[in-house]
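[1] need a 3D model of the sequence below.
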Amino acid sequence: MVEPSDAEMLLKLELESGEKALTVKQMQDFCKGHQDLYTMEQLRLIVEHEGAAVGAVDLFDYQRQHLRAGVGIALAVEMRGMGLAVAALKALINYAQHTLHLRSLYAHTPLDNPASVASFASAGFTRVGLMSDWVRREQGWVDAAVYQFIFPNLQDG
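    Alright, predicted model coming up:
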């Protein structure tokens, strides 16, 4: 779970991603705030390496009726290429199946990020589609692959 001490690292991730970053106060408030998948329909979990926060993995667009959620992941630039994304995704899959009892996870992965594409595939996600002109970049629009992970042997309850 996100702790107030994670605010600085999360701001760094947002800046590295090129996304419009929150202010320091907004991020601090987020890290102190109520975080519950069932009420907020999103959940951010911190990725740690050797005791240090180095990234985040998110569940978002949680659909209670359909037992599914979207997945996003971000790692600090200096921590990429070490297998941490795949390990974090596999841990998230385990948590989503055994703790949250979800039926499936999905992700939209921009095709100009081959490391992300490889991470989702290596973690067991299956490419099920393509979204054309899905992500806007400075140099233009980029397609995104749609990945899905369906949990085996889940009984409707």
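
[2] only C-alpha atoms for contact and neighbour calcs from this point on.
    OK.

[3] all helices for this structure, in order.
    Taking DSSP state H, the helices of the chain run over residues 7-17, 24-32, 37-40, 84-98, 114-122.

[4] for the protein, where's the lowest mean pLDDT among helices and strands?
    helix 24-32 (a mean of 52; mean pLDDT, DSSP states H and E).

[5] any idea how far Val117 is from the spatially most central residue of the chain?
    In the chain, the centroid-proximal residue (C-alpha atoms, centre = their mean) is Gly72; its distance is 2.0 Å. Using C-alpha to C-alpha, to the nearest Å, Gly72 is found at 12 Å from Val117.

[6] for the nearest residue to Tyr106 once chain neighbours are set aside, name its beta-bridge partners.
    Leaving out its chain neighbours, the residue that sits closest to Tyr106 by C-alpha to C-alpha, 6 or more residues apart in numbering is Gln148, at 4.3 Å. Beta bridges link Gln148 to Tyr106, Thr126, judged by DSSP bridges.

[7] Gln148 against Ala123, yeah?
    No. Assessed by C-alpha atoms under 8 Å, Gln148 is found out of contact with Ala123, at 10.7 Å.

[8] neighbour count for these two, which is higher?
    A direct count of neighbours by other C-alpha atoms under 10 Å for Gln148 and Ala123 places Gln148 higher, at 21 against 18.

[9] tell me the contacts of the more buried one?
    Residues in contact with Gln148 (C-alpha atoms under 8 Å, 6 or more residues apart in numbering) are Ser104, Leu105, Tyr106, Ala107, Phe125, Thr126, Arg127, Val128.
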